[in-house]
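[1] Structure for the following, please:
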Amino acid sequence: MLDNDKFTPNLHERWMMRFSMVFIAAALLLGLWLAEAQAADYSRKGYEAALKGVTTRDELTAVFADYADHAPDMDVARKAEDEWKALDSAGVVDRFRAAWESDPNSARAGYLYGRVAPTAIDKIRIGRQVVALDPKWSYGYRLLLATYVYDLFENSTAPSKQAELKPELPKDEPLFQRFAEVDSESSFPQQFLFAYRIYKREAAAARAQYERAVKDSADWAGVEQRAQLLCIEGKYDEALAEITADVETLIAAGQRGAEYKPSEIQSGYVTALRRAHAYDAAIAYFQHPPRTDDHGDAEYNIACLYALSGNSGEAFAHLRAAAAAGFAQTYRLDSDTDLEILHADPQWQDVTAQVAARKASTTQELVAGLREHRLDKPAPDWELTDETGKTVKLSDLRGQVVLLDFWATWCGPCRMAMPVIDQYIKTQMPKRGVRIFSVNVWEEPGLKSEIFMEKKGYAMELLHGNKELSKLYGFNGIPYLCAIDKHGTVRYEELGFDYNLADKLPLWVEDLLKE
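    Residues are numbered from 1 along each chain as shown. Alright, predicted model coming up:
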């Protein structure tokens, strides 16, 4: 007779059996998920292929959501989220907030919501939670620390917002070094750590890190970083020499036009000085040539630097000097966050009135300057489709003035130019004789651009461009705008966003309509 007690598992054995069953079930689920991911092809190529097959807006949103939620490669997930946000910013924020709230223990859900969270403080607080959930996952650190790097260290946000971030920084300072330990393969941790040391003016530590990076041929340590290092060491002449030599090398290699040398040098040098908070040295640079600005622009830049350093009195004095010297960019004055500290001062209204008056008195000067730079080159013909599928051909528009705005949904400067163009159409454009097209380029033609235009309510006519247009028109960046006369000749063009665009558009059109 068998003794059944000998075959009864004890407590430890029962626990091990249950653990094994749970482990096997989890492994099976993971295997199924990986198989599904592989079948769905959540790679970048798979994502691009999925977008090509989209025919409805619901399908487009489904592709964005699927890849943001499931792509194992976070860079693919980030791309899907970014493109979704470009089309529906508010909807994306609500969607990823809800996903995070429904699964607060998911580092991935927290990271994706943190990337689109409304404020820098939100990003920091969510980033801390993501790091706590998974201290070995590099993306949590990227979310948290990138907010400091781009919104505080690099002066990319208004001073009031930077003031909110400064008290938070001491809580997270150790994480810059820890990020470098967690992720030793990519360049982001070292870049962030170096940016932190520049901001804190830790010259010895920054130099040691930079020299070690150069010795190891690290891709993040370039002329820009060396110039910042030299600036916090007070070696301003050396920094300027480094930037000048780099620009000259690029010109010799054909990567920059010689005509851009002065502006490239100025941009690189002043950026390095601002990163190092070396405002006095930057002011001295604008006060003593060589520089590319005219006198009005130089005075304006000096005013911005004084405002950033907290010297409102000098800032107002130089703004008045800028207006007296011809500075008339009201749009730039109103939107420049460098000057935020001045807005509450009663003198601000006086200064804005001075600049507005200067703008009114210099219109004819601007007209004369524009006509001096009129072009005379045939506009390459094209045949493109609009959002209804109708074909539009440039040669069929003879007898009308045509403005073309080449853009993409991911292009930041394009998104700065488009509201200006839209406002011109709605308030100033003549009712007859002018057509303005926003030509989407450098991304797959389809619903993304259509939804973007509809969400913004822009009045421009949308055309789906192709890869050949940039070659035909000779531009290598966007936004690129050109004004074509009634005979099919490009008369005016502009690469990038210019704060004078609101003034230029009516002048271009008025001039070409007279012909």
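
[2] Show me what counts as buried in stretch 273-290.
    Under the neighbour-count criterion of 16 or more other C-beta atoms under 10 Å, stretch 273-290 has 273-279, 281-283, 285-286 buried. No exception for glycine: its C-beta is placed from N, CA and C like everyone else's.

[3] same thing with stretch 420-431?
    Those would be 420-422, 424-425, 429, for stretch 420-431 by 16+ other C-beta under 10 Å.

[4] pLDDT on stretch 489-508, on average?
    Looking at stretch 489-508 alone, the average pLDDT works out to 90.

[5] for the closest residue to T271 other than its chain neighbours, what are its contacts?
    With sequence-adjacent residues excluded and distances taken as C-beta to C-beta, 6 or more residues apart in numbering, T271 is closest to E224, at 7.7 Å. Residues in contact with E224 (C-beta atoms under 8 Å, 6 or more residues apart in numbering) are 268, 271-272.

[6] again, but for V434
    Applying C-beta under 8 Å, 6+ apart to V434 gives the contacts 400-403, 509, 513.

[7] Give me the residue at the spatial middle of the protein.
    Nearest to the mean C-alpha position of the chain, by C-alpha atoms, centre = their mean, lies G412 at 5.0 Å.

[8] Could you report the pLDDT at it?
    With respect to pLDDT, G412 scores 86.

[9] circling back to that earlier point, for the contacts of V434, give me CSV that also has neighbour count.
    Converted to CSV, the contacts of V434 look like this (neighbours: other C-beta atoms under 10 Å):
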residue, neighbour count
Q400, 15
V401, 23
V402, 20
L403, 23
V509, 21
L513, 15
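
[10] can you tell me which of those residues are in strands?
    401-403 (DSSP state E).

[11] quick one: which of those is nearest C304?
    L403 (31.2 Å; C-beta to C-beta).

[12] Would you mind putting the contacts of V434 into CSV with distance to R197 alongside?
    Shown next, in CSV, are these (distance: C-beta to C-beta, whole Å):
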residue, distance to R197
Q400, 57
V401, 54
V402, 52
L403, 47
V509, 51
L513, 57
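
[13] any chance you could map the strands in this structure?
    According to DSSP E, the strands that the chain contains are 377-378, 383-386, 391-393, 401-407, 434-440, 461-464, 480-484, 489-495.

[14] Show me what the fourth one is in contact with.
    It refers to strand 401-407. With C-beta under 8 Å, 6+ apart, strand 401-407 has contacts from 379, 394, 414, 417-418, 421, 433-441, 460, 465, 469-470, 473, 475, 478-486, 505, 508-509, 512-513.

[15] Equivalent analysis for the last one, please.
    Contact partners of strand 489-495, identified using C-beta under 8 Å, 6+ apart, comprise 370, 373-379, 473, 475, 477, 479-485, 501, 504, 508, 511-512.

[16] Swap in 6 Å and give it another go.
    Residues from elsewhere that reach strand 489-495 (C-beta atoms under 6 Å, 6 or more residues apart in numbering): 374-375, 377, 379, 475, 477, 480-485, 508.

[17] cool, the first one as well?
    For strand 377-378, the external contacting residues (C-beta under 6 Å, 6+ apart) are V490.

[18] Distance check, the closest residue to Y279 other than its chain neighbours against D338.
    Nearest non-adjacent residue to Y279, counting by C-beta to C-beta, 6+ apart: S309, 4.3 Å away. Using C-beta to C-beta, to the nearest Å, S309 is found at 10 Å from D338.

[19] Ok, G234 next?
    In this view, G234 and D338 are 23 Å apart by C-beta to C-beta.

[20] More neighbours: the two, which one.
    Looking at G234 and D338 with other C-beta atoms under 10 Å, you find the greater number of neighbours at D338, namely 19 against 13.

[21] OK, contacts around the more buried one?
    304, 307-308.

[22] nearest spatial neighbour of it, skipping sequence neighbours?
    C304 (3.9 Å).

[23] can you pull out the helices in the stretch 1-150 of the chain?
    11-40, 44-52, 57-70, 74-87, 89-102, 107-116, 120-133, 138-148 (DSSP state H, counting those that start in this stretch).

[24] can you list contacts of the third one?
    Surrounding helix 57-70, the residues in contact under the criterion C-beta under 6 Å, 6+ apart are 42, 47, 50-51, 54, 76-77, 80-81, 84, 447.

[25] Helix 89-102 and that helix, what's the angle between them?
    On the basis of axes from the mean of the first three to the mean of the last three C-alpha atoms, to 10 degrees, helix 57-70 is oriented at 40 degrees to helix 89-102.

[26] tell me the phi and psi of R256?
    Note on R256: backbone dihedrals following degrees, to the nearest 10 are phi -140, psi 150.

[27] Surely it is in contact with L250?
    Yes. The pair R256 and L250 qualifies as a contact (C-beta atoms under 6 Å) at a distance of 4.3 Å.

[28] Need the pLDDT of A328.
    For A328, pLDDT reads 88.

[29] Cool, thanks, talk later.
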